[in-house]
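> I need the structure of the sequence given here:
(one chain, ligands or ions: 1)
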Amino acid sequence: MMVDLEKDATTGFEKVILREPRGSSAEILLFGGQVTSWKNERGEELLFLSSKAIFKPPKAVRGGIPVCFPQFGGQGSLEQHGFARNRLWKIVESSSPLPSVDSDKFSLINNSTKAIVELMLTPSEEDMKIWPHKFELRLRVALSSGGGLTMTVKVNNKDTKQFSFTFALHTYLSVADITEVRVEGLETLDYLDNLKSGERSTEQGDAITFDNELDRVYLSTPSKIAVVDHEKKRTFVLKKDGLPDLVVWNPWERKAKQMVDFGDDEYKYMLCVEAAAVEKPIVVRPEEEWTARQELSAVSSSYSSGPLDPRRVLHGSSKEHLPQYQASIISRFSLRLFAVMTLMCSSRNPNIKKS
Ligand SMILES: O=P(O)(O)OC[C@H]1O[C@H](O)[C@H](O)[C@@H](O)[C@@H]1O
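Model prediction:
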């Protein structure tokens, strides 16, 4: 396992590179704490990064996995998606003892089964003027020996009063042809439609497919979602904890043309699936810590990684023989029962603890 710190020759941005012996790798910019590359063992890029991406602060970089904090979207007093994605983060030295970046390239061999780096963002005086809360935001990125990419986020409240925020890991997946892509695991869920001023609707269909612009916040989503790329015969599996919502976004043709940092036809080759906490802001009291996690893996589409949706576990295959409306009613009933039981078991967010 290797962890390198380099200065990108083209952009001048400092980046951490994680490599594992079988050939997979990941790159993380200190600007934005943003993962901009994740490659499998054959060296194939799994994340989308626009060819028109602008590497010039304070513009956020279009692609990879921007961190949206302390605000997702435009609902709030801050700039769209908050400021974390266009600030310079620091490496937490204890995570990977990286030397300074003065010379060309440094390497270190990490004997664990994962190549890991931890980055941190704390507010500057300027940040405190627009969001007056002392916090520590940590992002740990780990590349496992199988090539899976795990991102663990922690927000510590270092202030004397509580604060709340919304959050997303805004993952841009690279796909071969968006019209041949299917998202599984969101069937029958409620969503907020950003193309209809956040109107609430219920997903009726089967898996989600794409033939137009789509911008939705799916609510209370299962912990495991699959994005099947038929053309590439590849399935991305996204597992998450502490991030109940999932934003699904593709700008399609018209919006693509309006974005200066996005190629006119690049919408065909990307899909954003964003593990998020949007509908219910996260509240963290002084000296508390909130943790969330997302695990990404890319597997051949013939691979089955087990049931996606907890409701399918409850009903088994018998659900498939029921008329669709009946199956959906049962699904929703059991979901509500599950939600009530969860609420009864814990009234506090289980992802928040004393730090
Ligand atoms: O252009 P950005 O600020 O990076 O936002 C890109 C997109 O992010 C999310 O997916 C939102 O749901 C979209 O409404 C937004 O257009």
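> Every contact and neighbour count from this point should use C-alpha atoms.
Fine.
> residues in contact with the residue in the stretch 151-300 of the chain positioned nearest to the ligand?
The ligand sits closest to residue 249 of the stretch 151-300 of the chain, with a gap of 4.8 Å, by CA to the nearest ligand atom. Going by CA atoms under 8 Å, 6 or more residues apart in numbering, residue 249 touches 213-216, 271-273.
> do residue 158 as well
Applying CA under 8 Å, 6+ apart to residue 158 gives the contacts 133-136, 286-287.
> Equivalent analysis for residue 54, please.
The contact partners of residue 54, by CA under 8 Å, 6+ apart, come to 60-62, 261.
> neighbour-wise, which of these leads?
Highest neighbour count within the contacts of residue 54, by other CA atoms under 10 Å: residue 61, with 24 neighbours.
> Is it in a helix, a strand, or coil?
Three-state assignment for residue 61 (DSSP: H, G, I helix; E, B strand; the rest coil): coil.
> Surely it and residue 48 touch.
No: judged on CA atoms under 8 Å, residue 61 makes no contact with residue 48 at a distance of 11.3 Å.
> And the residue lying closest to residue 62 once chain neighbours are set aside, how close does it get to the ligand?
Spatial nearest neighbour of residue 62, chain neighbours left out: residue 53 (5.0 Å); criterion: CA to CA, 6 or more residues apart in numbering. Separation of residue 53 from the ligand (CA to the nearest ligand atom, to the nearest Å) stands at 11 Å.
> Surely residue 53 is within a strand?
No: the assignment for residue 53, made by three-state DSSP, is coil rather than a strand.
> Now do the contacts for it.
61-63, 261-262.
> Can I get the residues you listed in CSV including pLDDT and distance to the ligand?
Below are the contacts of residue 53 laid out as CSV (pLDDT from 0 to 100; distance: CA to the nearest ligand atom, whole Å):
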residue, pLDDT, distance to the ligand
61, 98, 8
62, 98, 7
63, 98, 8
261, 98, 9
262, 98, 9
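> Specify which member of these is nearest to residue 255.
Nearest to residue 255 among those, counting by CA to CA, is residue 262 at 9.5 Å.
> which residue packs closest to the closest one, ignoring adjacent ones?
Leaving aside its sequence neighbours, residue 262 sits nearest to residue 52 (CA to CA, 6+ apart; 5.2 Å).
> surely that neighbour meets residue 266?
No: counting by CA under 8 Å, residue 266 is not a contact partner of residue 52; they are 9.6 Å apart.
> Those two: which is more packed in?
More crowded of residue 52 and residue 266, by other CA under 10 Å: residue 266, with 21 against 16.
> List phi and psi for that one.
phi -70, psi -20 (degrees, to the nearest 10).
> is it true that it touches residue 49?
No: applying CA under 8 Å as the test, residue 266 and residue 49 come out as separate, 9.6 Å apart.
> Those residues of the chain touching the ligand, which are they?
73, 80, 215, 249 (CA under 6 Å from any ligand atom).
> Return the member of the residues you listed nearest to residue 350.
Comparing those against residue 350 with CA to CA places residue 73 closest, at 24.8 Å.
> what residues are up against the residue nearest to residue 40 when sequence neighbours are not counted?
Leaving aside its chain neighbours, residue 40 sits nearest to residue 24 (4.4 Å; criterion: CA to CA, 6+ apart). The neighbours of residue 24, taking CA under 8 Å, 6+ apart as the test, are 38-43, 147.
> Could you do residue 67 as well?
Residues in contact with residue 67, defined by CA under 8 Å, 6+ apart, are 32-34, 84-85, 167-170.
> Report the beta-bridge partners for it.
The residues listed as beta-bridge partners of residue 67 by DSSP bridges are residue 169.
> following the helix or strand of the chain with the lowest mean pLDDT, which helix or strand shows up next?
When the helices and strands of the chain are scored by mean pLDDT, DSSP states H and E, strand 105-106 comes last with a mean of 40. Later in the chain than strand 105-106, the nearest helix or strand by DSSP states H and E is strand 114-121.
> Grab the CA positions of that following strand and hand them over as CSV.
Provided in CSV are the C-alpha atoms of strand 114-121 (Å, rounded to 0.1, in the frame of the first residue of the first chain):
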residue,chain,number,x,y,z
LYS,A,114,-5.8,-0.3,3.2
ALA,A,115,-4.1,2.9,1.8
ILE,A,116,-5.5,5.6,4.0
VAL,A,117,-5.4,9.4,4.3
GLU,A,118,-7.3,11.7,6.6
LEU,A,119,-8.0,15.3,5.8
MET,A,120,-9.4,18.0,8.0
LEU,A,121,-11.1,21.3,7.5
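> Helices of the stretch 51-200 of the chain, residue ranges please.
Under the criterion DSSP state H, counting those that start in this stretch, the stretch 51-200 of the chain carries helices at the ranges 125-130.
> pLDDT weak spots in it?
94-112 (pLDDT under 70).
> for the stretch 251-355 of the chain, same thing?
303-347.
> Go again with 90.
Residue ranges of the stretch 251-355 of the chain with pLDDT under 90: 301-348, 355.
> residue ranges of the helices in it, please?
252-258, 310-315, 324-345.
> Could you identify the most distant pair in the contacts of residue 249?
Longest span within the contacts of residue 249, CA to CA: 213 and 273, 13.9 Å.
> ok, these two, which is more surrounded?
Higher neighbour count among residue 213 and residue 273: residue 273, with 25 against 15, using other CA under 10 Å.
> Tell me what that one is bridged to.
residue 171, residue 248.
> How about the contacts made by it?
Residues near residue 273 by CA under 8 Å, 6+ apart: 170-173, 246-249.
> out of these, which is most surrounded?
residue 246 (28 neighbours).
> Perfect, that will be all.
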